[in-house]
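> Predicted model and sequence follow; I will ask about them next.
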Amino acid sequence: MSTGFQYTIKRISFDENYHPADSTRITTNFANLARGEHRQENLRKALRMVDSRFNALAQWDNPKADRYAVELEIISVDVDIEGNGQHFPSIEILKTTIVDNQTNQRIDGIVGNNFSSYVRDYDFSVLLLEHNKGKAGFSIPDNYGELHGKLFKDFINSDVYKENFKKPPVICLSVSDNKTYHRTDNHHPILGVEYEPNESSLTEQYFKKMGLRVRYFMPEDSVAPLAFYFFGDLLNDYTNLELIGTISTMETFQKIYRPEIYNANAVAGSAYQPNLKHADHSLTQIVYDREERSQLAIKQGKFAEENFIKPYKAILDQWSEQYAS
């Protein structure tokens, strides 16, 4: 259905000179790296890690492990609810482009990868916390994640998305530290060995409302599985180089932000439970404050509440009720 909501896409290169825009969530993986006195060094190291990991996985016809480089582009999506030019920062995702230094070819990579959303901050860090405040047990509010899911699907189905991107997005996240993952016999040449969780998580349910399925794979020479959220057929809809671009980019971020899991000194076994207090891990020498990030998520959720949820409540409620997938 046509909503009347208008989406605008802005693109900015994520390189060593990157400075976050005012509308960017500062807890976002790429924006967090670009802060403080070591910002340029952080960015340079992270981008070098991405290229190294890409070449390690794309090892065919690549004897010196230097054939490819990955260029990253931040895709910022603003939404205009009333068609009056008033935009709210809806989501930010990453787009990869693979540069083949041997053929001088530029190859489109996957869009998605990282996922950033003010409305998700509101759902997880404001609405969910307030709903459970003072309660003995944990519960989820009615229609939790419905609005966010519909907004995301509306953008993916929009003409703006289709004009800019050839394939549906893939979002790559960390595994959950409160679930156990069991290794299967399924093995993909690029994604690696598949794991299956013992139960569904709140994040899985939330992304399901966005129309996304999830599978868990541990690529070669990784130490823990990654969560791949996707539409369609993850294993057959994307090329090897496209998948490697996503793995190399997002595994780099996870090594920085979740070193206890993704830079652990031991490889995940047949039954694997991630542990953010796991001491046997290595650090990447890139500074990151996890506690500050949690506090900022609440601030960003309240920003969404005051500037989007409350002002447009009547319109959003009516639209959400009428929305047809």
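Ah, there it is. Values in this document were obtained by computation on a predicted structure and should not be read as measured data. Numbering: from 1, shown residues only.

> Low-confidence ranges, the stretch 201-325 of the chain, go.
285, 287-294, 324-325 (pLDDT under 70).

> same thing but at 80, please
278-279, 283-296, 324-325 (pLDDT under 80).

> At the geometric centre of the chain, which residue sits there?
Among the residues of the chain, residue 114 comes closest to the average C-alpha position under C-alpha atoms, centre = their mean, at 2.6 Å.

> Secondary structure of it: a helix, I assume?
No: under DSSP: H, G, I helix; E, B strand; the rest coil, residue 114 sits outside any helix and is assigned strand.

> That one contacts residue 252, doesn't it?
No: judged on C-beta atoms under 8 Å, residue 114 makes no contact with residue 252 at a distance of 10.8 Å. Just so you know, the C-beta spots here come from the backbone N, C-alpha and C atoms, and that holds for glycine as well.

> ok, back up a step: please report the distance of the residue nearest to the centre of the chain from residue 91.
Distance, residue 114 to residue 91, using C-beta to C-beta, to the nearest Å: 10 Å.

> now the strands for the stretch 101-250 of the chain?
Assigned by DSSP state E, counting those that start in this stretch, the strands in the stretch 101-250 of the chain fall at 105-117, 170-173, 181-188, 192-197, 213-218, 226-230.

> before we move on, the earlier item: ok, for the residue nearest to the centre of the chain, nearest residue in space, not its chain neighbours?
residue 94 (4.5 Å; C-beta to C-beta, 6 or more residues apart in numbering).

> And for residue 152?
residue 210 (4.3 Å).

> coming back round to it: how close does the residue nearest to the centre of the chain sit to residue 138?
Distance of residue 114 to residue 138, given as C-beta to C-beta: 27 Å.

> for residue 5, same thing?
Taking C-beta to C-beta, one finds residue 5 at 33 Å from residue 138.

> and what of residue 45?
38 Å.

> Looking at those two, which is more packed in?
Counted by other C-beta atoms under 10 Å, residue 45 and residue 138 do not tie: residue 45 has more neighbours, with 18 against 9.

> Looks like residue 219 contacts residue 248 (just checking).
No: counting by C-beta under 8 Å, residue 219 sits too far from residue 248 to count as a contact (9.1 Å).

> joint contacts of these two?
By C-beta atoms under 8 Å, 6 or more residues apart in numbering, residue 219 and residue 248 have these common neighbours: residue 57.

> surely residue 323 meets residue 154?
Yes: with contacts counted by C-beta under 8 Å, residue 323 reaches residue 154, the gap being 7.3 Å.

> which residues touch the closest residue to residue 112 other than its chain neighbours?
Closest residue to residue 112 apart from its sequence neighbours, by C-beta to C-beta, 6+ apart: residue 169 at 3.0 Å. Contact analysis of residue 169 by C-beta under 8 Å, 6+ apart lists 93, 110-112, 156, 230-231.

> switch the cut-off to 10 Å
Residue 169 sits next to 75, 91, 93-95, 110-113, 115, 152, 155-156, 161, 210, 212, 229-231, 246 when contact means C-beta atoms under 10 Å, 6 or more residues apart in numbering.

> Make a PyMOL selection of the buried ones in those.
Here is the PyMOL selection string for the buried members of these, based on 16 or more other C-beta atoms under 10 Å:
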select buried, resi 75+91+93+94+95+110+111+112+113+115+152+155+156+161+210+212+229+230+231+246
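
> if we can go back for a sec, was I right about the residue nearest to residue 152 contacting residue 115?
Yes: using C-beta atoms under 10 Å, residue 210 makes contact with residue 115 at a distance of 9.1 Å.

> any common contacting residues for these two?
By C-beta under 10 Å, 6+ apart, the residues touching both residue 210 and residue 115 are 152, 169, 171, 229.

> And the pLDDT for the third one?
Reading off the confidence values, residue 171 has pLDDT 98.

> residues contacting it?
Counting by C-beta under 10 Å, 6+ apart, the residues that residue 171 touches are 93-94, 110-115, 207, 210, 212, 214, 227-230, 246, 250.

> repeat that for 7 Å
112-113, 115, 212, 229 (C-beta atoms under 7 Å, 6 or more residues apart in numbering).

> what about residue 267, neighbour count?
Residue 267, neighbours per other C-beta under 10 Å, totals 11.

> Test my guess that residue 179 contacts residue 199.
Yes: using C-beta atoms under 7 Å, residue 179 is in contact with residue 199, at 6.1 Å.

> That concludes my questions; thank you for your assistance.
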